[in-house]
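# Provided below for reference: sequence and predicted model.
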Amino acid sequence: MTSAAGGAPRRGLARLRAEWLSPTAILHSDRPDPARVATSFAIACLAVLVLLTALSLLRHHTFHSSLYDVGIFHQMLWNTAHGRFFTSALKHGSYLGDHFSPSFGLLAPLEWLPRALDLLLLAQAAATVITAWNAFALARRHLDARAAWLIGMGTLLCPALYCPALADLHPEPFMAALLSLSLLDLDRGSTRRAALCMLLVLAGKEDAGLLLAPLGVILALHRPTRAFGVVLAVIALAWSALAVMVVMPSLRPAARAGAPWFYLGRLAHLGATPREILHTLLRHPLDTIVLSTTIRKLVTIAALLLPFALAPLRSLRLLAVLPFLAAHYLSARWTEFFFPFHYLVPAVPILAWAAIAGAPRTIARRPLLTAALCALCGALAIVWRCDPEPLTPRPNHAALRAALAVIPDGEPVCVENWFGAHLAAREAIDFCVLFEWEREQYHHYGWPEVSKARWQIFDLADAGGDHPGLAERLMALRTAGAEVMLERDRVVVLRVDEAVLARAAR
């Protein structure tokens, strides 16, 4: 009996070895068996899924995930699952007023399950891998098995797709998965399912129109997809314009009188008003590029193109992604056009689609060079997100765990950024003091810079300076008579009432 049980895994491994091909075998064979290549790529996808999931969970449970943005989405989805659709305490109203992502609400049912945030992180890792699998499946329809495998691996290990899966939680990886599926379905002739996926992508974020409208134009250039492309372009433009100019403003909290939309500050190097920005773009395009260019952005361009051996440059399909990339390239916010962050993720399936068209003149001719570039980019992605600091417990890890355990379920609480996501499944959560990263947003809306939550957690080990005034606020509350519920390793939990808050405000 034992021998039979022990023989089953050995037989499974032997069968696996017989059905897969090593990267070396794929690269050195002109015509590798397509089925074995597919098995090999499936194994690579599974390995990346396990790695991304493990690192995401490790990062979160060692207190290195963020209330901005893991906690924002966790709370918004939790509220949606409990009938308060898209409500966000951190955005002081509807999340859709800040970013228009209604289709992201489809993940809300996960909030009914135990360990909902872990499941959301797993789903994001799965979306990343699904994007690569769909790119591989699409490439197999037009290229030989080896070239398709290289396209798939380039997508899977693209730093702009891999790294953001470990940068909190965002709609963009799910948008990329749906966009890659829509391109595959369109190629298969499944127009209705492709249209449904495109609509979900469009509802993923307000800037999706910058991606889908140009994509529709490119699709309209080819007779089989002409009607689909025209309709897509029109709907995408109309949807994004309606979202940005009508729906989102109606859902935002009231701003200070005369205050310009704070997101325009990201384009302040081009002008102080939309009119000045447009004038600079049209009259001084070269100056615009020079003023917007940084080393990070140049590295990011390389990280987007090198996994595909520059193949997208050999196809007109690349034009579909340029407006979307250009809009983020112009931003002065350094995270917005930098591969470790989420903003550019939806561009990756379009780049893979363009690489398929350019592959016969690049990837197919130089498979070893393509593999080397892909490996280089993959190493960059994996090493970048394997930095030990965000994967190891904080020195006061035990104190933070104890502090979380003190807070009653459902009670209003204020926190700091790096551990707040653990308490986001409640109706009321905010920062104890101003979050420096969003100072412009606080100023724009006139949000209070200190919290009135009944329960307040202070972690004075704020090495990054994310919360200036933290120690002063703690001292003011303690002096005003706040009840100390826990104090350990520079972590303090207070319980306050209205009288304490009033005395601390004097």
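All right, it came through fine.
# Leu219 is in contact with Arg226, correct?
Yes: using Cβ atoms under 8 Å, Arg226 is in contact with Leu219, at 7.4 Å. The way it works is simple: take the backbone N, C-alpha and C, and place the C-beta from them, glycine included.
# of those two, which one has the most company?
With neighbours defined as other Cβ atoms under 10 Å, Arg226 and Leu219 compare such that Leu219 has more, 23 against 12.
# against Ala502, how distant is the spatially closest residue to the more buried one that is not a sequence neighbour?
Among residues not flanking Leu219 along the chain, Gly229 sits closest, at 3.1 Å (Cβ to Cβ, 6 or more residues apart in numbering). Per Cβ to Cβ, to the nearest Å, Gly229 is found 61 Å from Ala502.
# of those two, who's got more company?
Gly229 (20 against 11).
# so what does the more buried one have for phi and psi?
phi -60, psi -40 (degrees, to the nearest 10).
# so what's it up against?
By Cβ atoms under 8 Å, 6 or more residues apart in numbering, the contact list for Gly229 reads Leu215, Gly216, Val217, Ile218, Leu219, Ala220, Leu221, His222.
# got phi/psi on the last one?
Right, the one you point to is His222. According to degrees, to the nearest 10, His222 has phi -110, psi 130.
# repeat that for the fourth one.
According to degrees, to the nearest 10, the main-chain angles of Ile218 amount to phi -60, psi -40.
# what sits closest to it if chain neighbours are left out?
Ala320 (4.5 Å).
# which residues sit against the helix or strand Ala303 falls within?
Per DSSP states H and E, Ala303 falls inside helix 295-305. For helix 295-305, contacts defined as Cβ under 8 Å, 6+ apart pick out 158-160, 312-313, 325, 329, 334, 337-339, 344, 347-348, 351, 377, 380.
# and the helix or strand that that helix is followed by, what does it pack against?
Of the helices and strands lying after helix 295-305 in sequence (DSSP H and E), the nearest is helix 322-329. On a contact count with 3 or more Cβ pairs under 8 Å, 6 or more residues apart in numbering; DSSP states H and E, helix 322-329 meets helix 209-220.
# what's the helix it packs on packed up against?
Checking 3+ Cβ pairs under 8 Å, 6+ apart, helix 209-220 ends up next to helix 191-202, helix 226-242, helix 322-329, helix 347-358.
# what's the angle from that helix to helix 347-358?
Angle, helix 209-220 to helix 347-358, by axes from the mean of the first three to the mean of the last three Cα atoms, to 10 degrees: 20 degrees.
# leaving out the residues flanking it, which one is nearest to Leu423?
Excluding its sequence neighbours, the residue lying closest to Leu423 (Cβ to Cβ, 6+ apart) is Val413, at 5.5 Å.
# contacts only, for the spatially closest residue to Val247 that is not a sequence neighbour.
Leaving aside its sequence neighbours, Val247 sits nearest to Phe100 (Cβ to Cβ, 6+ apart; 6.4 Å). Residues near Phe100 by Cβ under 8 Å, 6+ apart: Ala203, Lys205, Glu206, Ala243, Val244, Val247, Met248.
# what residues go with each domain of the chain?
The record's domain parsing of the chain by automatic domain parsing lists 19-64+99-384, 397-504.
# first-to-last residue distance for the shortest one?
By Cα to Cα, to the nearest Å, the extent of domain 397-504 from end to end equals 29 Å.
# equivalent analysis for the longest one, please.
Distances were taken as Cα to Cα; on that basis the terminal residues of domain 19-64+99-384 are 32 Å apart.
# what is the mean pLDDT for that domain?
For domain 19-64+99-384, the mean pLDDT works out to 94.
# equivalent analysis for stretch 85-92, please.
Here the average pLDDT along stretch 85-92 is 92.
# what distance separates it from the middle of the whole chain?
19 Å (Cα atoms, centre = their mean, to the nearest Å).
# contact partners of it?
With Cβ under 8 Å, 6+ apart as the criterion, stretch 85-92 contacts 67-68, 71-72, 75-76, 79-80, 93-98, 102, 105, 253, 427-431, 445, 447.
# how does it look with 6 Å?
For stretch 85-92, contacts defined as Cβ atoms under 6 Å, 6 or more residues apart in numbering pick out Ile72, Met76, Asn79, Thr80, Ser94, Tyr95, Leu96, Asp98, Pro253, Ala428, Ile429, Asp430.
# state the phi and psi torsions of the residue lying closest to Ala347 once chain neighbours are set aside.
Nearest non-adjacent residue to Ala347, counting by Cβ to Cβ, 6+ apart: Val321, 4.9 Å away. For Val321, the backbone dihedrals are phi -100, psi -10 (criterion: degrees, to the nearest 10).
# surely Val321 meets Ile350?
Yes: between Val321 and Ile350 there is a contact at 4.4 Å, judged by Cβ atoms under 6 Å.
# mind checking which of the helices and strands packed on helix 209-220 is nearest His61?
helix 347-358 (27.8 Å; Cβ to Cβ).
# output the helices and strands packed on helix 209-220 in a markdown table, with distance to Thr24 appended to each entry.
Formatted as a markdown table, the helices and strands packed on helix 209-220 follow (distance: least, Cβ to Cβ, whole Å):
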| stretch | distance to Thr24 |
| --- | --- |
| helix 191-202 | 36 |
| helix 226-242 | 41 |
| helix 322-329 | 34 |
| helix 347-358 | 22 |
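# out of the ones you listed, flag the one nearest Leu282.
Going by Cβ to Cβ, the one of the helices and strands packed on helix 209-220 nearest Leu282 is helix 322-329, 13.4 Å.
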